[in-house]
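>>> Give me coordinates for this.
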Amino acid sequence: MENMRYGGQSAASGSGNSSSGGGSSRSFMDDLIIGVPRNSMKNVGQGMSGRDVGAPSQEIGGPPQGAGERPMGGPPQGMDGRPMGGPPPGVGGSPQGMDGRSMGGPPPGVGGPPQGMSGRPMGGPPPGAGAMGGPPGGAMGNPLGSAPVGALMKKFAIPSIIGMLVGALYNMVDQLFIGHSVGPLGNAATSIAFPFTTICMSVALLFGIGGASCFNLSLGRGDKEKAPYFIGNSLSVLTIFGVVISVLTLIFMNPLLKAFGASEAIMPYAKDYVSVTAVGFPLLILSTAGGHILRADGSPHMTMISSITGAVVNTVLDAVFVFGLQWGMKGAAAATVIGQGVSTAIVIIYCLNYKTVPLGREHLAPSLSVVQRIASIGMASCFNQLAIAIVQIVMNNSLRHYGTLSQYGPDEPIACAGIIMKVNMIVFSIIIGLSQGTQPIESFNYGAKNYDRVKTAYFMAIKIGAVISITAFILFQLFPRQILSFFGKGSESYYEFGVLFFRVFMFFTWFNCLQPITSTFFTSIGKSVKGMFLSLTRQIIFFIPLLIILPLAFGINGIVIAGPVADLLAGIIAVAMAKGEFNQMDQLEVEKYLGSLVKYD
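The predicted structure follows:
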């Protein structure tokens, strides 16, 4: 459910053209399918090692070993002159004692001239010479700038996926227990109440992702003094917003529930549920945002522990309160709030002992400039969630109106759509968790100008996301009735509409991974305007107009058709914007390399 960018034409490798140095021609869509980023400066010419950018080919780096002039990649064995940190394997030869390691730090032996060579030792390249033997500035000692991207993806994405899945399961567990104890009206009530949760999530992502991205971008630039202010300010503002939303919800509950689409039959159940969950909104916001804040500190496992612990508590108490004590909607809500409280406690305890930089009271005092910067970076994810909330409200009201005019009635379509969208949240939680796992990798390496690592992380996420999305698409098409039955029994018309919604509305599930991964990518590299625009394409720019227009001609079926059309258009926009951005990165890589050659010449 969570969703998801421009750029100039690359001078180094324009779309569809061969890269410099004789590389093979390959289009952006080829890269997208294969999952391997283009690189106009690698895999070119015989003897290349396939390292990340920074290992120039013989065609680019200079003449091969034995030529009458000094090759750009480094002096061959036995040549006099100042060593440059050692060339990569296969390019001009390496000085004696070097092991030919790839970027991520100078190889052993650098720090004094190799045996038989004279001249002033350099001890490795200076900051800014990322393409010439090591990452720039603060990237030198940080694994985000040197460890294999695949290993980093496992470290950050898996806990992030688990954390997102647990968040989705909070709602799924309630839906499951309510469906079997209260029935379809109870499930419909949770659908009516869900925009409250989405609004809280928007605040959590605004300051959670925004603060985490700013924190990692600052570390990537080597600014450890400013970095903790982004985390401290995020925690303070999150708490304030949580309390405000909670109070406003409790005061204006009745009119809000009516505006969200509650019918007379659904209203009592929705009030029972929201009157309890609203008390826990500050906990929901802090526990959700805390996952990003802990992950930014290099502790994704703590994010996972926080989420799993809260989910287990929620599930156990759901069984006790709903089935054991027969508390119904209020019991499910109380179990959710207590679980969120446990997760929040773990986040707060961890932040008292933040690893990368210490957090003090001075970092908690809100600063307008800091908060503005955080909000500008997290705005894309926030707007995406707000767009989802708006879509939920419009869809609930449309389903109620057009359902009344159809054979399904006003309540069953809302119940079906709510269940199906929450099932889809399981799939989307994996995709979003995957994209969030790339955030520290993309942020740090973009700040450190290691563009090849940024592209590698993005394409790896796209490749994995495609596999997950296609698997979900197959399940939705083959087993829609069985999935609906898992959440309780319903009438034949209930199943009829549910199967239709699954198979048509969710048709482009296999294509949906592109938008959230690309939107998070733009946010991670600090281009929040592009990220925000892309996050709004599916929900606001395409879906809501279609949701209003198509039912005028096709009735309730128009609501069902609007989903796949919006998904397709948003995916196409994501591909186009990502292509433009990577063309820009190709140009920046060439400029960085040429600049380093001038500096060392």
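
>>> low-confidence ranges in the stretch 51-200 of the chain?
Applying pLDDT under 70 to the stretch 51-200 of the chain picks out residues 51-141.

>>> can you do 90?
51-176, 179-184, 187 (pLDDT under 90).

>>> The stretch 201-350 of the chain too?
209-232, 263, 288, 290-308, 311, 324.

>>> Pretty sure Thr309 sits against Thr344.
No. Thr309 is beyond contact range of Thr344, at 10.7 Å (criterion: C-beta atoms under 8 Å). Quick note: C-beta positions are derived from backbone N, CA and C, even for glycine.

>>> all helices for the stretch 251-400 of the chain, in order.
253-259, 267-277, 281-296, 300-318, 328-351, 361-364, 368-404 (DSSP state H, counting those that start in this stretch).

>>> Identify whichever of those helices lies nearest to Phe508.
Set against Phe508 and scored by C-beta to C-beta, these come closest in helix 368-404, at 15.5 Å.

>>> Which elements pack onto the next helix or strand along the chain from the closest one?
Next in sequence after helix 368-404, counting helices and strands by DSSP states H and E, comes helix 412-447. Applying 3 or more C-beta pairs under 8 Å, 6 or more residues apart in numbering; DSSP states H and E, one finds that helix 412-447 contacts helix 149-181, helix 184-220, helix 281-296, helix 368-404, helix 451-478, helix 480-485, helix 492-500, helix 514-524.

>>> Give the buried residues for the shortest one.
Buried residues in helix 480-485, counted by 16 or more other C-beta atoms under 10 Å: Pro480, Ile483, Leu484.

>>> which residues touch that helix?
Helix 480-485 is touched from outside by 416, 419-420, 423, 475-476, 490, 494-495, 498-499, 502-503, with contacts defined as C-beta atoms under 8 Å, 6 or more residues apart in numbering.

>>> So how do I select the buried members of the residues you listed in ChimeraX?
Applying 16+ other C-beta under 10 Å to the contacts of helix 480-485, the buried members can be selected in ChimeraX as follows:
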select :416,419,420,423,475,476,490,494,495,498,499,502
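
>>> any idea how far Arg221 is from the nearest residue to Leu475 once chain neighbours are set aside?
Spatial nearest neighbour of Leu475, excluding adjacent residues (C-beta to C-beta, 6 or more residues apart in numbering): Ile483 at 7.6 Å. Ile483 sits 47 Å away from Arg221, going by C-beta to C-beta, to the nearest Å.

>>> Who has more neighbours out of Thr309 and Thr344?
Neighbours per residue (other C-beta atoms under 10 Å) separate Thr309 from Thr344, with Thr344 holding more: 23 against 16.

>>> tell me the contacts of the more buried one?
Leu283, Leu286, Ser287, Gly290.

>>> Can you tell me which of those is nearest Glu225?
Gly290 (23.2 Å).

>>> quick one: that closest one and Val342 touch, right?
No. Using C-beta under 8 Å as the test, Gly290 is too far from Val342 to be in contact (12.0 Å).

>>> between these two, which one's more packed in?
Gly290 (27 against 17).

>>> I'd like the average pLDDT over stretch 501-521.
For stretch 501-521, the mean pLDDT works out to 91.

>>> how far does it sit from the chain's center?
Relative to the centre of its chain, stretch 501-521 is centred 14 Å away, using C-alpha atoms, centre = their mean, to the nearest Å.

>>> Could you do stretch 360-371 as well?
The answer for stretch 360-371 is 25 Å, by C-alpha atoms, centre = their mean.

>>> got it, and stretch 527-538?
When C-alpha coordinates are averaged (C-alpha atoms, centre = their mean), stretch 527-538 and its chain have centres 13 Å apart.

>>> just stretch 438-448 next, same as before
12 Å.

>>> from what I can see Gly558 touches Val565, true?
No. Under the criterion of C-beta under 8 Å, Gly558 is not in contact with Val565, lying 10.3 Å apart.

>>> Neighbour count: the two, which is higher?
Gly558 (18 against 15).

>>> Not counting its neighbours along the chain, what's nearest that one?
With sequence-adjacent residues excluded and distances taken as C-beta to C-beta, 6+ apart, Gly558 is closest to Leu550, at 3.3 Å.

>>> Which pLDDT value goes with the one you found?
At Leu550, the pLDDT value in this model is 95.

>>> any idea how far Ile462 is from it?
30 Å.

>>> next one: Ser596
30 Å.

>>> Likewise for Leu248?
39 Å.

>>> So the two - more neighbours on which side?
Ile462 (25 against 13).

>>> Hmm, the more buried one is touching Cys513, no?
Yes. Taking C-beta under 8 Å as the definition, Ile462 is a contact partner of Cys513 at 6.8 Å.

>>> dump the residue contacts of Asp293.
Not quite, residue 293 is Ile, not Asp. Gly208, Gly211, Ala212, Phe215, Ile231, Ser234, Leu235, Val347, Cys351.

>>> got a winner among the residues you listed for most neighbours?
Neighbour counts for the contacts of Ile293, by other C-beta under 10 Å, peak at Ser234, which reaches 33 neighbours.

>>> which residues does that residue contact?
Phe207, Gly208, Gly210, Gly211, Ala212, Ala289, Ile293, Ile374.

>>> Now do the contacts for the fifth one.
The reference is to Ala212. Here Ala212 is in contact with Ile231, Ser234, His292, Ile293, Arg295, Ala296, Gln439, Pro440 (criterion: C-beta under 8 Å, 6+ apart).

>>> and the gap between Ile431 and Pro159?
Separation of Ile431 from Pro159 (C-beta to C-beta) stands at 15 Å.

>>> From the contacts of Ile293, pick the one nearest Asp272.
Val347 (28.4 Å).

>>> Verify the contact between that closest one and Thr288 for me.
No. Counting by C-beta under 8 Å, Val347 stays clear of Thr288, with 9.5 Å between them.

>>> For Ile293, see how far away Gly378 is.
Using C-beta to C-beta, we find Gly378 at a distance of 12 Å from Ile293.
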